[in-house]
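Trainee: missing the sequence, but the structure's below:
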């Protein structure tokens, strides 16, 4: 039986499938669409979607983003001007070689748009794109598998460190009708390799709705290190849903920081499996929302073996009627003794009508572990506000200084110092444009 | 400089100040002493504009202007400064950043050019040296992890940088050992000038050995009960506040 919410996307798939890249993948795509068809879009009846309702998506007639040549005059960047980098630009999900620039890469490093591989090297990708039905809560991944047309493949061989950051810029530009696109990214880090990946999501203009349904799969082999940064600054008509699935092997480290300040509705879902002893991850994030924006950060970290650790800090500021969701699940499996897991969610509410739904969940099946979680929500510290004003700071400046300081703590913890200024500037900009 | 007339203040509907009168001329240092709960801190907060203090009657004139009409930041810009009894911790804001923001906000208000980073650092270094403040206190977040003495010294540093015309010191001696007390007092005395007035609020006479006041007032039950010269402080040290505060006991 087909779920009602799935029908428009199934119709879209039917009309499109002949043009999707990679004939060899058609069985995979069919499996994806049938899985999505039976589940439909996730709904609040699904436990991990309790606080985020995708119903608004059902009311919009999305079209597939075809090949188009939207002109882009200025590319956003989080890196200081002139910094060495590799940049891949995607417009409405499609790779734009004219806007991209990839400098010389170390031997064996592969950094390419997925569309070429889907056409010519589908066999190689197939193992990573397995159509395993992950249930109704992961139906967006199934939809992505059916519809994916482009994205990034980064593969770094054993022992190689890519020094310059790799910036992935995703631009949504719906000019006359609502557009949906489904980027698929694969990051494969072999043993002892290192890289820095920056995702930057924006939309152009305040045109019709965009729906970006991104799936990113990351594999970190023994001793690999990935710094993964993300800025989501899409426009007020954007729907941004990204699912990130990370596998971390022995002594490998996944370090992520995401800043969300855009989109009408956004969800960053990150699941990390710590598969090998000594595997660690840092999942940090910050968000600033106002108006009627909705932002969901959902994380699942699984400790599968002994001696693994994770640390999570999410900080957010909500104004007006904005709403945020933080769901942080940490699962310690029975064998995973000496796991170390720490989680913290802190929210500042600037309006009585703003709302945070925080759901920390620790599921611990081992007996010798160190795990903690904390969630706080409060308004601006009135004592601090008065203290600053009593020293001459105008009220507006005192407020923004306190909000900035609250979020800056999360930003300053990130490892890549040259990215801090851009993230900090985004906070200051957000505060200026009330 | 300051003229308080028949000031009545209520906090959460309870009257704390019940007709307080006080006049301070330029260059004078006045001390207000009194038992706990007599309304000393209420006076400090109402003068600086903290929320939650309702003036039900009376008037406060500062340099001829109605002080109570001004926002807290306007009062600061006009030269009113409160050294807090409990300085507030502000995580994430470096002390130097805070001091520079404050100094420049006040300069803007006065129509003076703002100080750039170099000019400000020069000014700050000089003040820091005078007050014997450790450099790392400037880099740390405002009052975060400061000892009681460091917090009070930080208040004195702010006062020295902002150069107020009327400084209110609320229990600046509380929690200080004798050495810290002397340093703080030296800082205050260095700022004494014919144009600057001070109101020193304290429970104990000890601070007044170092900051010698021109006038001493006893505040109890929401009113000034008695006023005199500096010798009044010594007298209170012997007799205590019992005779003034039957209700507060």
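Mentor: Now that the structure is in, tell me what you want to look at. Treat the numbers as computed from the prediction; the structure is a model and nothing was measured.
Trainee: Determine the three-state secondary structure at residue A:116.
Mentor: helix (DSSP: H, G, I helix; E, B strand; the rest coil).
Trainee: where does the residue in chain B that chain A sits nearest to land in three-state SS?
Mentor: When distances are taken as C-beta to the nearest C-beta, chain B reaches nearest to chain A at residue B:92, 2.9 Å away. (Glycine included, C-beta is placed from N, CA and C.) Counting by three-state DSSP, the backbone at residue B:92 sits in strand.
Trainee: pLDDT score assigned to it?
Mentor: Listed pLDDT for residue B:92 reads 88.
Trainee: cool, residue B:249 as well?
Mentor: Taking residue B:249 on its own, its pLDDT is 39.
Trainee: Quick check, pLDDT for residue A:434.
Mentor: The model's pLDDT for residue A:434 equals 67.
Trainee: what residues does chain B put near chain A?
Mentor: Applying C-beta under 8 Å from any C-beta of the partner chain, we find that chain B lies next to chain A at B:48-51, B:71-73, B:75-77, B:81-82, B:84, B:87-93, B:98, B:101-103, B:105-106, B:109, B:141, B:158, B:162.
Trainee: quick one on the thing from earlier: you'd agree the residue of chain B closest to chain A is up against residue A:410?
Mentor: No. Counting by C-beta atoms under 8 Å, residue B:92 stays clear of residue A:410, with 9.7 Å between them.
Trainee: So for those two, which sits in the more crowded spot?
Mentor: It is residue A:410, of residue B:92 and residue A:410, that has more neighbours when counted by other C-beta atoms under 10 Å in any protein chain shown, with 23 against 19.
Trainee: Mind listing what's buried along the one helix or strand that one maps to?
Mentor: Using DSSP states H and E, residue A:410 falls within helix A:395-412. By 16 or more other C-beta atoms under 10 Å in any protein chain shown, the buried positions in helix A:395-412 come out as A:397-411.
Trainee: Same check on stretch B:231-244?
Mentor: Those buried within stretch B:231-244 under the rule 16+ other C-beta under 10 Å are B:232-233, B:236, B:241, B:244.
Trainee: do you know how far residue A:200 is from chain B?
Mentor: Distance, residue A:200 to chain B, by C-beta to the nearest C-beta, to the nearest Å: 25 Å.
Trainee: Just the pLDDT for residue A:377.
Mentor: So residue A:377 comes in at 94 (pLDDT).
Trainee: So what pairs up with it in the strands?
Mentor: Going by DSSP bridges, residue A:377 is paired in beta bridges with residue A:347.
Trainee: what's around it, how many residues?
Mentor: 18.
Trainee: So the closest residue to residue B:108 other than its chain neighbours, which state does it fall into?
Mentor: Nearest residue to residue B:108 in three dimensions, chain neighbours excluded: residue B:114, at 6.4 Å (C-beta to C-beta, 6 or more residues apart in numbering or on different chains). What three-state DSSP gives for residue B:114 is coil.
Trainee: Over to residue A:296?
Mentor: Criterion first, three-state DSSP; result for residue A:296: strand.
Trainee: Wait, it touches residue A:270, no?
Mentor: No. Between residue A:296 and residue A:270 there is no contact under C-beta under 8 Å: 11.3 Å.
Trainee: okay, the two: which has more neighbours?
Mentor: Set residue A:296 next to residue A:270 and count neighbours by other C-beta under 10 Å: residue A:270 wins out with 26 against 22.
Trainee: so which strand or helix has the more buried one?
Mentor: Short version, using DSSP H and E: residue A:270 is in strand A:265-274.
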